[in-house]
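Asks: After the sequence you'll find the predicted model.
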Amino acid sequence: MAVVVAEANHAAGLVAQHDVAAEDGAAFAPRSVHGEERERRGERLIDARRLGLMKRSAFLVNIARGAIVDEDALYAALRDGTIGGAAIDVWWQYPNAAEPERRGSRHPFHELPNVIMTPHCSGWTAGMVRRRWDEVADNINRFVRGEPLINVVTTT
């Protein structure tokens with residue numbers, strides 16, 4: 001399976017597309033899409049046209065931002081069998097104080113047999129919490145011994 005990445009250009013705030021769509025209309029191989037949205041310009045990067053270019057066996061994975069994929073177009077593509085399936089970990093809307101029961105989409109993705117849904121938790125794995133605490137303890141020991149720390153984000 002090929003992995004396609006849509007990434008933001010930090011300087012310009014524009015979303016770059018790397019082999020996301022064949023402009024000549026060539027069909028996609030099955031792909032996974034992971035993108036990063038920096039500005040509203042990143043919305044609907046994967047639209048109905050691009051979904052239509054994908055093979056029927058394509059499986060789209062969105063673990064970045066819901067808005068990168070056109071919500072209406074994705075639902076239609078999944079419902080109609082335009083693509084084989086999707087794993088959705090990020091959503092177009094989230095519960096809030098005013099609407100605590102609000103669903104992630106206006107569409108019933110949960111009723112589709114070709115969709116895997118997760119509650120914005122793709123970064124959590126079985127051993128993640130333990131590994132985080134092990135690294136914290138390791139950094140404390142490094143600090144006490146006067147050694148360089150690991151995973152330093154900033155030094156100021």
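Replies: Now that the structure is in, tell me what you want to look at.

Asks: Going by C-alpha atoms from here, please, whenever you check contacts or count neighbours.
Replies: Fine.

Asks: need the strands for the chain, in chain order.
Replies: 2-9, 14-17, 31-35, 59-62, 85-88, 115-117 (DSSP state E).

Asks: Give me the contacts around the fifth one.
Replies: Contacting residues not belonging to strand 85-88 are listed as 57-63, 78, 114-118 [Cα atoms under 8 Å, 6 or more residues apart in numbering].

Asks: What residues sit buried inside the helix ranked longest in the chain?
Replies: The residue-count maximum for a helix in the chain (DSSP state H) belongs to helix 128-145. Buried residues in helix 128-145, defined by neighbour count with 16 or more other Cα atoms under 10 Å: Asn139.

Asks: average pLDDT across that helix?
Replies: Per-residue pLDDT over helix 128-145 has a mean of 89.

Asks: now swap in stretch 61-75 and tell me
Replies: 87.

Asks: ok, of the contacts of strand 85-88, which come out buried?
Replies: Among the contacts of strand 85-88, those buried by neighbour count (16+ other Cα under 10 Å) are Ala58, Phe59, Leu60, Val61, Asn62, Ile63, Leu78, Asn114, Val115.

Asks: May I see the residues you listed organised as JSON lines, with distance to Ala87 added?
Replies: What follows is the buried ones among the contacts of strand 85-88, written out as JSON lines (distance: Cα to Cα, whole Å):
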{"residue": "Ala58", "distance to Ala87": "11"}
{"residue": "Phe59", "distance to Ala87": "8"}
{"residue": "Leu60", "distance to Ala87": "6"}
{"residue": "Val61", "distance to Ala87": "5"}
{"residue": "Asn62", "distance to Ala87": "6"}
{"residue": "Ile63", "distance to Ala87": "8"}
{"residue": "Leu78", "distance to Ala87": "11"}
{"residue": "Asn114", "distance to Ala87": "9"}
{"residue": "Val115", "distance to Ala87": "6"}
